[in-house]
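# pasting the sequence and the predicted model now:
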Amino acid sequence: MLQQSKLAQMGEMISMIAHQWRQPLNNLSMLNQSIKIKYKRDSLDAKTMDYFFENSSKQIAQMSQTIDDFRGFFKPDKEKVEFCIHDVISNCLNIIGPILHQKNIQIDVVDDLTLMLVGYPNELGQVILNLVHNAIDAFEDKKKNDKMIQIYLKRSDDTTIVMIRDNAGGIPHDILPNIFDPYFSTKENKNGTGLGLYMSKLIIEDHMSGKITVENSRDGALFYLSFSNEARVGN
Ligand SMILES: Nc1ncnc2c1ncn2[C@@H]1O[C@H](COP(=O)(O)OP(=O)(O)OP(=O)(O)O)[C@@H](O)[C@H]1O
Ligand SMILES: [Mg+2]
């Protein structure tokens, strides 16, 4: 099962990288064509060459930055560390931001730079990414012009909570008790593995001693990731 979920995740990762590479690849291909045309017309001067060099270098740097981002993001965590939740969210947005932008989905993050957790930052990042992906899927085929995903952080005396909500209509009541089950998916025709939420629960509850819960809010799904502040003491 782990294998299957890894494969699904890899497919997802490749499509996100492909997405981020499309633009710089197009730009490089255009630069390439234009330099060939200039050469044919005998107008390949130093200025053009500089322009070509600078711009193609920029595109290449951007592509290589994408690889670094992804590599960092999906690197397995070796040990528990204390980390800033804000960093995890912002790495997440680096990865998924372009897709949200393309799909016209607003992302609203109410952040707190001081909130820390103890555990596995990359695993938490993957959970948040799963939840955001599910929200994106839920918006699919919905005609709505204020698509919005919100991420809130909140700390009370004894818990630290990450809330992720969307306004995509919510989860039908009859399936609500099943969504964390392995292989439960309503996306049969879209290759959903039904492992996203199952793995997320495993990560949050078994690896990070937290709790993942869900409810329907007024206009969409609302997921809570909560962690006891106690767990941080003496860790
Ligand atoms: N934000 C959401 N809004 C509406 N339904 C949701 C939302 N998140 C999850 N669901 C429902 O829960 C089901 C299980 O989600 P899960 O992430 O485990 O699997 P999946 O998304 O179907 O497959 P995969 O994660 O492999 O793409 C989904 O098929 C969907 O029906
Ligand atoms: Mg999913």
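Structure received. Computed from a predicted structure; not experimentally measured. Ligands and ions are numbered 1, 2, ... in the order given.

# enumerate the residues of this protein near ligand 2.
Residues of the chain lying close to ligand 2 by Cβ under 5 Å from the ion are N134, G196. Using the backbone N, CA and C atoms, a C-beta is placed for each residue, glycine as well.

# what pLDDT does whatever residue of the chain ends up closest to ligand 1 get?
Using Cβ to the nearest ligand atom, the closest approach of the chain to ligand 1 is made by G196 at 2.5 Å. According to the predicted model, the pLDDT of G196 comes to 93.

# can you offset everything so residue one is 30?
Understood, numbering begins at 30; the last thing we discussed is G225.

# tell me the contacts of it?
G225 makes contacts with S34, A37, N159, H162, N163, as judged by Cβ atoms under 8 Å, 6 or more residues apart in numbering.

# what about the strands in the protein?
Applying DSSP state E to the chain gives strands spanning 110-113, 135-139, 145-148, 177-184, 188-195, 239-245, 250-257.

# in the first one, what's buried?
By neighbour count, with 16 or more other Cβ atoms under 10 Å as the criterion, the buried positions of strand 110-113 are F112.

# give me the sheet partners of that strand and which way each runs.
When pairs are called by DSSP bridges, strand 110-113 turns out to pair with strand 145-148 (antiparallel).

# any residues touching the strand it pairs with, and which ones?
109-114, 153, 189, 236-239, 256, 260-261, 264.

# for ligand 2, see how far away the residue lying farthest from the centre of the chain is.
Distance from the C-alpha centroid of the chain peaks at D71, with 47.0 Å (Cα atoms, centre = their mean). From D71 across to ligand 2, the span is 56 Å (Cβ to the ion, to the nearest Å).

# which of the contacts of G225 are buried? Put it as a ChimeraX command.
Listed next is the ChimeraX selection for buried residues among the contacts of G225, using 16+ other Cβ under 10 Å:
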select :34,37,159,163
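
# let me have the contacts of G225 in a markdown table, adding distance to D170 and pLDDT as columns.
As requested, those are exported to a markdown table (distance: Cβ to Cβ, whole Å; pLDDT from 0 to 100):
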| residue | distance to D170 | pLDDT |
| --- | --- | --- |
| S34 | 25 | 80 |
| A37 | 21 | 81 |
| N159 | 20 | 95 |
| H162 | 16 | 95 |
| N163 | 14 | 96 |
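
# inside helices: which ones of the contacts of G225?
S34, A37, N159, H162, N163 (DSSP state H).

# near ligand 1 too, which of these?
Applying Cβ under 6 Å from any ligand atom to those, one finds that A37, N159, N163 fall near ligand 1.
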